[in-house]
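**Q** here is a sequence with its predicted model. Questions after.
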Amino acid sequence: MISRQSSRAGGPQSPPADQPFLSISVTDPVKLGNGVQSYISYRVSTKTNMQEYRGSEKIVIRRYSDFVWLHDRLVEKHKGLFIPPLPEKSAVEKFRFSAEFIEVRRRALDVFLNRIASHPQLRSSEDLKNFLQADEEAMEKARLLEGSIFKKKPTDIMQMFKEVQTKVTDVVLGKDKPLEESDPQYEKMKHYVDDLEDHLSEAQKQSFRLVKRQRELGQGLADFGKAVKALGDCEGGSLGKAFSELGGQSDFLSVKLQLQAQDLLMNFEEPIKEYVRIIQSIKAVMVDRAQAYRLQKDLSEAFKLKELNLEKMRLVRPDKVGESEVDVKEMKVQSEEARARFQEIVKLMDQEMERFQEEKTKDLGAILQDFARTQAQLAADTADAWRSLLPELDKCTQEDMQTLNSSP
């Protein structure tokens with residue numbers, strides 16, 4: 001489990017020295033550059049006793065695109081593993097450098113790295129080591145050297161577009177009917193993932209609304225407090241004092257609610273949103289699995305076809321048998337390799353689902369406990385605040401009664 005507390009600004013913690021550990025923190029976001037070239041840099045601090053790392057402590061400066069580089073490299077090299085997701089980019093330019101957005105992203109990047117660091121395979125990745133240890137210049141070179149569509153040759157781009165066009169045409173004409181696995185257990189897993197995504201998305205949507213309502217209630221109490229304080233100044237006497245006390249408690253609770261809304265955002269809504277992104281990572285692995293399944297089936301069929309052709313060749317073109325035998329051997333190797341890759345993805349995915357279930361149970365349990373605890377504390381603070389007004393209101397009522405009784 002990745003503690004939400006560990007995502008707060010601060011240095012990485014060092015576990016006992018006799019156990020292998022890799023602890024990472026993302027802190028100190030700083031805005032650099034001007035205009036459209038502006039970006040946020042982060043201080044990434046690492047503590048470890050793992051021998052494959054150079055030294056026990058390292059601090060580097062990274063930007064969001066560096067995290068994207070690491071994520072994409074892991075996705076490409078580790079088929080079958082659930083690569084932790086990155087926080088999404090802001091779709092609205094004016095929010096990109098807001099204090100809240102920057103803090104939300106910093107926490108999410110911290111969780112992203114520590115999920116990788118806690119993964120039994122990913123923590124030893126060469127790309128993670130480079131990300132955590134390379135200087136800024138070397139990191140920038142690695143990022144810029146990463147292949148992209150813009151680095152492809154014109155002929156490659158044209159070929160790619162032709163392949164896409166052919167694929168779309170086949171789908172429209174009904175020629176392309178990809179093979180699907182018929183494993184009942186895998187079907188059950190897919191249905192579970194779909195249902196979980198729906199429920200998590202709904203929970204995230206409602207938590208967003210809850211945060212919004214808490215903030216609106218906090219602002220409403222602040223406005224109410226201001227109004228009743230003005231009323232108290234107008235009245236004077238014990239009644240005026242009572243109104244002033246009411247305004248003061250309203251201000252106090254307004255601050256409490258705003259703080260509570262921020263806590264809900266950081267420690268409830270955002271963790272739920274992260275799990276929605278994790279489901280997307282799981283679905284990406286399912287796509288890889290489906291592609292690997294179809295490839296090994298296609299190559300298996302191609303191998304069988306070449307074997308049949310070889311038998312025909314022995315009868316009609318004995319002089320070409322040598323070439324056909326080479327083709328058959330090569331196709332057999334490709335078919336076996338594809339089957340092995342598919343089986344490896346299946347094995348890794350089963351292991352990953354088990355890890356995911358364990359982490360999800362711990363994470364969501366801790367999130368709900370924290371939610372219930374903070375809500376209970378807010379309720380107690382609210383009750384205490386309103387209860388503290390009762391003596392002043394009683395005193396005001398008694399004075400009013402005395403005034404009425406003394407009137408002629």
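**A** Happy to help now that I have it. Numbering: from 1, shown residues only.

**Q** SS state for Asp28?
**A** Three-state call for Asp28 (DSSP: H, G, I helix; E, B strand; the rest coil): strand.

**Q** touching, Glu245 and Leu389? I think so.
**A** Yes. Contact criterion Cβ atoms under 8 Å: Glu245 and Leu389 qualify, at 5.7 Å. In short, each C-beta sits where N, CA and C put it, glycine included.

**Q** who's more crowded, these two?
**A** Glu245 (19 against 15; other Cβ atoms under 10 Å).

**Q** pull the contacting residues for the more buried one.
**A** Contact analysis of Glu245 by Cβ atoms under 8 Å, 6 or more residues apart in numbering lists 389, 392.

**Q** please identify which helix or strand holds it.
**A** Taking DSSP states H and E as the criterion, Glu245 maps to helix 237-264.

**Q** and that helix, what's buried?
**A** 238-240, 242-254, 256-258, 260-264 (16 or more other Cβ atoms under 10 Å).

**Q** other SSEs contacting the host helix or strand of Met286?
**A** Met286 is part of helix 270-316, with elements assigned from DSSP H and E. Contact analysis of helix 270-316 by 3 or more Cβ pairs under 8 Å, 6 or more residues apart in numbering; DSSP states H and E lists helix 99-118, helix 184-235, helix 321-387 as its packing neighbours.

**Q** just name the most buried of the ones you listed.
**A** Ranked by average neighbour count under the criterion mean count of other Cβ atoms under 10 Å, the helices and strands packed on helix 270-316 are headed by helix 99-118 at a mean of 20.

**Q** give me the mean pLDDT for that helix.
**A** For helix 99-118, the mean per-residue pLDDT is 95.

**Q** now it and helix 321-387, what's the angle there?
**A** Counting by axes from the mean of the first three to the mean of the last three Cα atoms, to 10 degrees, helix 99-118 lies at 130 degrees to helix 321-387.

**Q** what packs against helix 99-118?
**A** Checking 3+ Cβ pairs under 8 Å, 6+ apart, helix 99-118 ends up next to strand 22-32, strand 39-48, helix 64-77, helix 270-316.

**Q** for the chain, name the helix or strand with the lowest mean pLDDT.
**A** helix 154-173 (a mean of 49; mean pLDDT, DSSP states H and E).

**Q** enumerate every residue touching the residue nearest to Ile279 when sequence neighbours are not counted.
**A** Leaving aside its chain neighbours, Ile279 sits nearest to Glu197 (4.4 Å; criterion: Cβ to Cβ, 6 or more residues apart in numbering). Glu197 makes contact with 276, 279-280, 283, according to Cβ under 8 Å, 6+ apart.

**Q** for those residues, give me TSV that also has neighbour count.
**A** Listed next are those as TSV, based on neighbours: other Cβ atoms under 10 Å:
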residue	neighbour count
Val276	17
Ile279	19
Gln280	10
Lys283	14
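
**Q** fine by me, thanks again.
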